[in-house]
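Peer 1: Generate a structure from the sequence data that follows.
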Amino acid sequence: MDTPWAIRGPEESDIPFIYATWLNSNYTDTDFRRSVRKSVYFEAYKRIIDNILLSAKVSVACKSDTPSVIYGYLVTEGNVIHYSFVKDAFRSLGIAKSLYLHNFQQGQALECTHSTGSTKGFLNRNITFNPFILYKGI
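Peer 2: Residues are numbered from 1 along each chain as shown. This is a model prediction of the structure:
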């Protein structure tokens, strides 16, 4: 089945969008919003994303005929999903699932370091939430 979106690797111009959406959606979809001052969160969490992106793979779902129009993305590393984001207007269309299937086998045992509104829709019992992966090497 053809979809109105394509999946591609990241481009340099995507990076500000990835940082902004990751930082904002993670802040608003989690307890950080209630427990951490916004300025503290954004400064500290940007460094966490910096570290993840050093070795992670980013898959971007974009408009098929206009690749600069991003619908969402998936950040992975081996069998770990670090972050999934799909713009609100494009949720429930199968974009997150197609990003998942682009990177993994259906039913593959995976771990996830972030659990937000964007990821809950396609998480299943084969995906274990494990934020402690972020602390590897400490």
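Peer 1: so how far is Tyr100 from Asp2?
Peer 2: If you measure Asp2 against Tyr100 using C-beta to C-beta, to the nearest Å, the figure is 18 Å. (Glycine included, C-beta is placed from N, CA and C.)
Peer 1: just checking, what packs against the helix ranked longest in the chain?
Peer 2: Counting by DSSP state H, the longest helix found in the chain is helix 38-55. In terms of contact count using 3 or more C-beta pairs under 8 Å, 6 or more residues apart in numbering; DSSP states H and E, helix 38-55 is assigned the packing partners helix 15-29, strand 66-77.
Peer 1: One more pass at 10 Å, please.
Peer 2: In terms of contacts (3 or more C-beta pairs under 10 Å, 6 or more residues apart in numbering; DSSP states H and E), helix 38-55 is packed against helix 15-29, helix 32-35, strand 66-77, strand 80-86.
Peer 1: re the thing from before, counting neighbours, go ahead and name the busier of Asp2 and Tyr100.
Peer 2: For Asp2 versus Tyr100, the count of surrounding residues by other C-beta atoms under 10 Å is larger for Tyr100: 24 against 5.
Peer 1: Thought Thr76 was touching the more buried one, still the case?
Peer 2: Yes: with contact defined as C-beta atoms under 10 Å, Tyr100 reaches Thr76; the gap is 9.2 Å.
Peer 1: what touches both of the two?
Peer 2: Counting by C-beta atoms under 10 Å, 6 or more residues apart in numbering, the common neighbours of Tyr100 and Thr76 are 59, 84, 110.
Peer 1: one step back: quick one: contacts of the longest helix of the chain?
Peer 2: Outside helix 38-55, the residues within contact range by C-beta under 10 Å, 6+ apart are 10, 15, 18-19, 22-24, 26-27, 30, 32-33, 35-37, 56, 58, 75, 77-78, 80, 82-83, 113-114, 133-134, 137.
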